[in-house]
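Undergrad: Sequence first, then the predicted structure:
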Amino acid sequence: MKKVVLLTFFFIASSWAYAQEQEEQTPEETIWSLSYKDALKQAKKEKKPLVVYFKGSDWCGPCKKLDKELFSATKFKDLSKKHFVLYEADIPMNQDLVTKEKLAVNKKLVKQFKVSSYPTILVLNHKQKVLGIKKGLILTEYYYPFFESYIK
């Protein structure tokens, strides 16, 4: 009987924690530019830094966690809408997840910026000069000071 009570308590507690986490996120997607070329044009036009997120959407565990905990968060969405242009450079194992054209562009960007680990986040200006880089997965809250340091 004690085991049933403990299991029930654990189930309720974990359900509550999951619900709390979901409240912090909004259902709509973060707005990512559809093409790198368009993202560069938008960054120049709006005089905003470009955030390029290199990920492996179907194989990179840390990338999946970052998508869920950082890029889906309302706090990030609000910050990025005001201050950044976003581009997602996905290199999935299942190459049907992105168009052939976009995959070719993303692979070119990997070589151009010498990306060797995932996730990698670059902050660029509209001339493609690297302003900042963050590699690997860290606690979500540690990304905000990184992003905020590029806001004018």
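TA: Everything's here; your move. Numbering: from 1, shown residues only.
Undergrad: Do me a favour and average the pLDDT over stretch 36-43.
TA: For stretch 36-43, the mean pLDDT works out to 97.
Undergrad: Send me it as CSV with only the CA atoms.
TA: Coordinates of the C-alpha atoms in stretch 36-43 are reproduced here as CSV (Å, rounded to 0.1, in the frame of the first residue of the first chain):
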residue,chain,number,x,y,z
TYR,A,36,20.0,32.5,-44.7
LYS,A,37,20.1,35.1,-47.5
ASP,A,38,16.8,36.6,-46.3
ALA,A,39,18.1,36.6,-42.7
LEU,A,40,21.2,38.6,-43.7
LYS,A,41,19.1,41.1,-45.6
GLN,A,42,16.7,41.5,-42.7
ALA,A,43,19.6,42.0,-40.2
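Undergrad: And the contacts of that stretch?
TA: 33, 48-50, 52, 85-87, 89, 105-106, 109, 124-126, 128 (Cβ atoms under 8 Å, 6 or more residues apart in numbering). C-beta coordinates here come from the backbone N, C-alpha and C atoms, glycine included.
Undergrad: All the strands of the chain, residue numbers only.
TA: 50-55, 85-90, 120-124, 130-135 (DSSP state E).
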